[in-house]
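Colleague: Quick one, fold the following:
(one chain, ligands or ions: 2)
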Amino acid sequence: MLPFVRITIIGLGLIGSSVARAVRKAMPTARITAYDADPAVRETVRALDLADDVADTAGASVIDADFVILCVPVGAMGAVAADFADDLPEDAIVSDVGSCKAAVLAALTEALPGATIIPAHPVAGTERSGPEAGFATLFQKRWCIVTPPEGADALAVERVAEFWRRLGADVELMAPEHHDRVLAVTSHLPHLIAYTIVGTASDLEEVTQSEVIKYSAGGFRDFTRIAASDPTMWRDVFLTNREAVLEMLQRFSEDLSQLQRAIRWGKGDELFDLFSRTRAIRRSIIDQGQDDAREDFGRSHQP
Ligand SMILES: NC(=O)C1=CN([C@@H]2O[C@H](COP(=O)(O)OP(=O)(O)OC[C@H]3O[C@@H](n4cnc5c(N)ncnc54)[C@H](O)[C@@H]3O)[C@@H](O)[C@H]2O)C=CC1
Ligand SMILES: O=C(O)C(=O)Cc1ccc(O)cc1
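Modeller: Ligands and ions are numbered 1, 2, ... in the order given. All right, here's what the predicted structure looks like:
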C-alpha cells in the first residue's frame, strides 16, 4: 500500500522538483499537486509536467491532501504553513525537507496547532537550484533523517519513513536538536568554510581574478562548487541553526589556531599526526561501504 496518495509539494526548486520527479517514478498512481510562490516556477512546473495540478495559492494546494511536504527555504517554512493552515485537512500529515530541524519544527507547530507534523531532511543535494535542476534519482542511496517531535504518532512517522524509502533513501530517526548539531559540523560548517575561502581568494590584491580561475584545478575547485550554492537557502540555514553553527565554528577556530601555531613553530609531527588521523577517517567512510557518490553529494549525480 502506498504511504500517501494525494501529495502536495510546496516549493518546486531543486528539492521539491526532485521529490515530484521521484514520486512520479516510484508511486505513479499518487496524485501530485504543486504550489510555488513564484509564478515563473509554477509555469515551469506546468511546462515540465511535474505535477497533476498546479495551484495558484498555498491554501488551494492542500485542500484534499493526505501529505503536504514543504520544500521552501527554512526561513519561509512558518509563513507558508500559516498561509495554508485554514485549508489543511485534519488527517493530513505535514512534513518538510529543510536543512535545519529544531527551529522548523517550532515554526510549523506554531503555525499549525493540532496538526500532525513529522519533519525530515534528505541529506542529498547539489549547489544548483530551481525546478530545472531537480532529478528523480537524487535521493537514491542517500540518507533521509526523520526528526519527529516527542510523542509523535508512530504510524505517521512510519508513513513518512516509508515515503522516503520508496524514493530510494535510507531512513534514520533522530531528535531535531541532535540533527542540528550533527549537520552543523558535517554540512553547515563546510559550506561556511567554502564561502569564506572563495571570498578570501577573490579579495587577494596580489592574485588576479583570472589566476583564481586558471589555477583552480585542485582543492579550491571543490570549494568553488560548494560556494556556488543558493544564497537565500544558505543565509536561512546559518540564521536558523545559529547556535549549533556558532558552537562548531568556535571549536573549528580553536583547532585552526592550533594548526597555525604548529606551522609557525615547525611542529611537523603535529601536522603529520592530524593529517594521518583525517586520512584514516576518509578510509573508514569508504570501508563502511559508503561509495563516492554518497560522499560527494550531488557532484556525481548531476544530470
Ligand atoms: N539544495 C540542497 O542541496 C538541499 C536543500 N535542502 C532544503 O530544501 C529546501 C529547498 O531548497 P532548494 O530546493 O535547494 O531551494 P530552491 O531555491 O531550488 O527552491 C526553493 C523554492 O521555494 C520557493 N519558495 C520560496 N518561498 C516560498 C514561499 N513562501 N511559498 C512558496 N514557495 C516558496 C521558491 O520560489 C523556489 O522555487 C530548503 O529548506 C533547504 O534547506 C535539503 C537538502 C539539500
Ligand atoms: O552539494 C553539496 O555538496 C551538498 O552538501 C548538498 C546538500 C546541501 C544541503 C543539505 O541540507 C544537504 C545536502
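Colleague: what about Ile263, neighbour count?
Modeller: Number of residues near Ile263 (other C-beta atoms under 10 Å) recorded here: 12. The way it works is simple: take the backbone N, C-alpha and C, and place the C-beta from them, glycine included.
Colleague: can you check Gly218 too?
Modeller: For Gly218, the number of neighbouring residues by other C-beta under 10 Å comes to 8.
Colleague: Report the contact partners of it.
Modeller: Under the criterion of C-beta atoms under 8 Å, 6 or more residues apart in numbering, Gly218 has no neighbours.
Colleague: go on, Ala102?
Modeller: Ala102 neighbours (C-beta under 8 Å, 6+ apart): Pro176, Glu177, His179, Asp180.
Colleague: Which of the residues you listed fall within helices?
Modeller: Pro176, Glu177, His179, Asp180 (DSSP state H).
Colleague: Emit the ChimeraX select command for whichever of the residues you listed are buried.
Modeller: What follows is the ChimeraX syntax for the buried subset of the ones in helices among the contacts of Ala102, where burial is set by 16 or more other C-beta atoms under 10 Å:
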select :176,179,180
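Colleague: Return only those of the ones in helices among the contacts of Ala102 found close to ligand 1.
Modeller: The subset of the ones in helices among the contacts of Ala102 within reach of ligand 1, counting by C-beta under 6 Å from any ligand atom, is empty.
Colleague: Out of the ones in helices among the contacts of Ala102, which comes closest to Ala111?
Modeller: Distance from Ala111 was checked for each of these by C-beta to C-beta. The minimum falls on Pro176, at 16.2 Å.
Colleague: Am I right that the closest one is in contact with Asp96?
Modeller: No. With contact taken as C-beta atoms under 8 Å, Pro176 and Asp96 are classed as non-touching, separated by 11.4 Å.
Colleague: who touches both of those two?
Modeller: A shared contact of Pro176 and Asp96, defined by C-beta under 8 Å, 6+ apart, is any residue touching both; here these are Pro119.
Colleague: Could you give the number of residues near Asp56?
Modeller: Using other C-beta under 10 Å, Asp56 has 10 other residues around it.
Colleague: whoops, Asp153 was the one
Modeller: For Asp153, the number of neighbouring residues by other C-beta under 10 Å comes to 12.
Colleague: ditto for Val5
Modeller: Around Val5 there are 13 other residues, counting by other C-beta under 10 Å.
Colleague: Now it, what are its backbone angles?
Modeller: Torsion angles at Val5 (phi, psi; degrees, to the nearest 10) stand at phi -120, psi -20.
Colleague: wouldn't it be in contact with Ala65 here?
Modeller: No. With contact defined as C-beta under 8 Å, Val5 and Ala65 do not form a contacting pair (9.7 Å).
Colleague: which SS state does the spatially most central residue of the chain fall under?
Modeller: Ranked by distance to the mean C-alpha position of the chain (C-alpha atoms, centre = their mean), the top residue is Ser99 at 4.2 Å. Under the three-state scheme (DSSP: H, G, I helix; E, B strand; the rest coil), the conformation of Ser99 reads as coil.
Colleague: Nearest spatial neighbour of it, chain-adjacent residues omitted?
Modeller: Leaving aside its sequence neighbours, Ser99 sits nearest to Val237 (C-beta to C-beta, 6 or more residues apart in numbering; 5.0 Å).
Colleague: The one you found against Val74, yeah?
Modeller: Yes. The criterion here is C-beta under 8 Å, and Val237 meets it with Val74 at 6.2 Å.
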